[in-house]
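> Sequence first, then the predicted structure, then my questions.
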There are 2 protein chains.
Amino acid sequence: MFNIAIVGYGNVGFHLEQMIIPLENFTLKKIWVRNFDHANALFTNNIEELLQPNIDIIILAINDDALKNFSGFLETSEALVCHTSGSIAMNDLPTQNKGVFYPFQTFSKNRKLDYSKIPFCLEANSDKNLHLLMELAKGISNNINFLNSDQRSYLHLAGVWVNNFVNHLYSIGYDIVLQNNIPTKILLPLIEETAQKVISITPNDAQTGPAIRNDQSTLNKHLNLLQNQHYKTLYKILSDSIATKYEKTI
Amino acid sequence: MFNIAIVGYGNVGFHLEQMIIPLENFTLKKIWVRNFDHANALFTNNIEELLQPNIDIIILAINDDALKNFSGFLETSEALVCHTSGSIAMNDLPTQNKGVFYPFQTFSKNRKLDYSKIPFCLEANSDKNLHLLMELAKGISNNINFLNSDQRSYLHLAGVWVNNFVNHLYSIGYDIVLQNNIPTKILLPLIEETAQKVISITPNDAQTGPAIRNDQSTLNKHLNLLQNQHYKTLYKILSDSIATKYEKTI
């Protein structure tokens, strides 16, 4: 039986709590938060409680800026201290036992997720520590991956493209239909199928649209429809990017 | 009972065939293709067969460039001639009875789709013609919409953002992980959740990432990781676009 403390109770901390509570071989002992809920004995704002010898694993679920400062307070800890960040190297942690427990997913408190499908990316500074993180991750998910800090930073970057940037394009699609009195829900089946399609074929093979077939007539029509100069520029650049990528294969 | 002819047997024509065959009140009589399958009596390359009085509806499932020429051959037809294009106005059809039967979805011959969820966008030049298209669409889908030609052209434009451009961003994410020896399937749960999230919250509310929180440290890290100059430029422009859109709300 291993005892776990989570630091931070944002979107990741909240979901880590849900993931860990049902586990048989791991007990969630403490959640450190700046402003803590006095009515719930699980919560504390006292760092000393994290440094008790009964804590085996400390998972830092705080943002990258806070991570550096906070991990300094844990320097003397003998627990396995790990963070959940895509872009911070494991060796930035100052502790004797260290690792990374990076769930590659977007979390919101109000969205239920099937934790068993979340890709966990693990790294640790010893076989023993890696084995411990593996045991923890295996209780939660069937999708365990071993990435070093460099690979993880690239995966995080790829996540910005397929999540943050994709969501921004959704928002532009929404703006366009809303401005024309079309209900936004009309976009959902296409959004869903676009995502589902890449399960069976690669995005390169799935690419369609006026840019890849060099359909200047439709491209010009679309540029004329876009009143927002900013979106017009983005439309041109994205279309050029598609045309350039597939130039040799057209 | 109404008889239907389809013109074209690309991705849309193929799926229209699957949609229409099971219908009780509509019979698929002919599929016109340039190079036809002699072994199958359904197929023809003879335009005269489309002009027979037993054909009630002709659905043009050909690309925008071919549409103008082909519809000219049908000028004398008394059938309801409709096209399936997002960006061509209904009035570009030269026939007496005309309409639009636009399924807002991405089609591939090798992808099965739940037709009942596809948004159909209908337009016709008379109540009688609109009613006929409605009967046809209702047999296929539960998602029927009435859009005029202007609205439909904007919807088509929105589709380029949420499908073509989104898929291009997937392909860049794939490139980044492949170059770092990470299996691409690690991206799929995030791609899927990003799409699912906008069913319950708007993309504006779902937006996260370094750009919206003005996290210069991560933005710079990512720009340094990107070796491809082209992707570097696109990363900057998309991040600026996100920062600009939410400037007032940060």
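That came through, no problem. If you're wondering where the values come from, they're calculated on a predicted model, not measured in any experiment.

> residues contacting A:Phe26?
Applying Cβ atoms under 8 Å, 6 or more residues apart in numbering or on different chains, one finds that A:Phe26 lies in contact with A:1-4, A:20, A:57, A:136, A:139. Every C-beta, even on glycine, is put in place using the N, C-alpha and C of the backbone.

> and which of the residues you listed is nearest chain B?
Closest approach to chain B among the contacts of A:Phe26 (Cβ to the nearest Cβ): A:Gly139, at 17.8 Å.

> element containing that closest one, please.
Here A:Gly139 is covered by helix A:127-140, with elements defined by DSSP states H and E.

> Now do the buried residues in that helix.
By 16 or more other Cβ atoms under 10 Å in any protein chain shown, the buried positions in helix A:127-140 come out as A:129-130, A:132-133, A:136-137, A:139-140.

> now stretch A:196-204
A:197-198, A:203-204.

> go on, stretch A:177-184?
Buried, per 16+ other Cβ under 10 Å, within stretch A:177-184: A:177, A:180, A:182, A:184.

> go on, stretch A:66-83?
A:67, A:70-71, A:74, A:77, A:79-83.

> Grab the nearest non-local neighbour of A:Ile47.
Nearest non-adjacent residue to A:Ile47, counting by Cβ to Cβ, 6 or more residues apart in numbering or on different chains: A:Phe73, 5.2 Å away.

> Tell me the pLDDT of the one you found.
A:Phe73 carries a pLDDT score of 97 in this model.

> quick one on the thing from earlier: any chance you could list what contacts the helix holding A:Gly139?
Against helix A:127-140 from outside (Cβ under 8 Å, 6+ apart): A:2, A:4, A:19-20, A:23-26, A:56-57, A:80, A:82, A:97-99, A:101, A:115-116, A:118, A:120, A:122-124, A:144, A:146.

> Beyond it, next helix or strand please.
Reading on from helix A:127-140 to the C-terminus, the next helix or strand found by DSSP H and E is strand A:144-146.

> Now do the helices in chain A.
For chain A, helices defined by DSSP state H occupy the ranges A:11-20, A:64-73, A:127-140, A:149-159, A:166-178, A:188-200, A:203-206, A:216-225, A:229-246.

> which intervals of chain A have sub-threshold pLDDT?
Where chain A drops to pLDDT under 70, the residues are A:248-250.

> In it, which residue sits furthest out from the middle?
With distances taken as Cα atoms, centre = their mean, the residue sitting farthest from the centre of chain A turns out to be A:Ser217, at 39.0 Å.

> which residues sit in contact with that residue?
B:64-65.

> got it, and the one 5 residues further on?
Residues near A:His222 by Cβ under 8 Å, 6+ apart: A:210, A:235, B:87, B:157, B:160.

> Backbone dihedrals for the closest residue to the second one other than its chain neighbours, please?
What it means is A:Tyr235. In space, and not counting its chain neighbours, A:Tyr235 is closest to A:Leu226: 5.9 Å by Cβ to Cβ, 6+ apart. In terms of degrees, to the nearest 10, the main-chain angles of A:Leu226 are phi -80, psi 110.

> residues near A:Leu226, how many?
18 (other Cβ atoms under 10 Å in any protein chain shown).

> Surely it and B:Leu157 touch.
Yes: with contact defined as Cβ atoms under 8 Å, A:Leu226 counts as touching B:Leu157 (7.3 Å).

> Isn't A:Asn45 up against A:Trp32?
Yes: at 6.7 Å, A:Asn45 counts as touching A:Trp32 under the criterion of Cβ under 8 Å.

> and A:Lys30, bridged to which residues?
Under the criterion DSSP bridges, A:Lys30 forms beta bridges with A:Ala5.

> Please check the contacts of A:Phe26 and keep the buried ones.
A:2-4, A:20, A:57, A:136, A:139.

> Contact partners for the closest residue to A:Leu42 other than its chain neighbours?
Distance criterion Cβ to Cβ, 6+ apart; nearest residue to A:Leu42, sequence neighbours excluded, is A:Ile31 at 5.5 Å. A:Ile31 makes contact with A:5-7, A:9, A:13, A:17, A:42-44, according to Cβ under 8 Å, 6+ apart.

> Weed out the non-buried ones from those residues.
A:5-7, A:9, A:13, A:17, A:44.

> Using TSV, please lay out those residues together with distance to B:Tyr246.
As requested, the buried ones among the contacts of A:Ile31 are exported to TSV (distance: Cβ to Cβ, whole Å):
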residue	distance to B:Tyr246
A:Ala5	34
A:Ile6	29
A:Val7	28
A:Tyr9	24
A:Gly13	24
A:Glu17	29
A:Thr44	34
